[in-house]
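# need a structure here:
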Amino acid sequence: MLEQLKDLLLNQKYTVGILIDNLETVLDKNGKFQQEHRDYIELLTRVINHPTINAITLITCREQINEAKLSFIEFYPLSELSELAWQ
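Numbering: from 1, shown residues only. Sure, this is the predicted structure:
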C-alpha cells in the first residue's frame with residue numbers, strides 16, 4: 001500500500017497537502033513509535049520524504065518524536081493558547 005501511495009503522489013500535477021493529526025497516539029512514553037505502528041517510519045522516510053514527491057506534510061503531535069530516522073522533520077512547538085484566545 002505504501003508503494004501505491006507513493007505512485008499516486010508521484011503522478012500528481014499539483015502540490016498535495018498531507019495532514020497526520022494526533023501522532024502522539026502511536027508513540028510510546030519515550031517518543032518512539034509503538035511496535036504495531038512502526039510502518040509510520042517507512043511512510044515518512046520512504047514515501048512522504050521522497051525527493052520527487054510534491055507534497056507538504058503537517059504533523060500534529062503533543063509529544064516529542066524521538067526517532068533517529070526522522071531527524072529531517074522540523075519541529076515548530078506552539079505555546080499553549082489561553083482561554084481568551086480560544087474565545
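# quick check: phi and psi at Leu58.
Backbone torsions of Leu58, given as degrees, to the nearest 10, read phi -120, psi 120.
# name the SS class of the nearest residue to it once chain neighbours are set aside, please.
Among residues not flanking Leu58 along the chain, Leu19 sits closest, at 5.3 Å (CB to CB, 6 or more residues apart in numbering). To be clear about C-beta, it is placed using only N, CA and C from the backbone, and glycine gets the same treatment. Here Leu19 is recorded as strand under DSSP: H, G, I helix; E, B strand; the rest coil.
# pull out the buried positions in the helix with the most length in the chain.
Scanning the chain for the longest helix, with DSSP state H as the assignment, gives helix 2-10. Going by neighbour count (16 or more other CB atoms under 10 Å), the buried part of helix 2-10 is Lys6, Leu9.
# quick one: contacts of it?
Here helix 2-10 makes contact (CB atoms under 8 Å, 6 or more residues apart in numbering) with Val16, Asp39, Glu42, Leu43, Arg46, Val47, Ile48, His50, Thr52, Ile53, Asn54, Ala55.
# equivalent analysis for stretch 44-60, please.
Stretch 44-60 has contacts (CB under 8 Å, 6+ apart) with 2, 5-6, 9-10, 12, 14-23, 69-70, 72-73.
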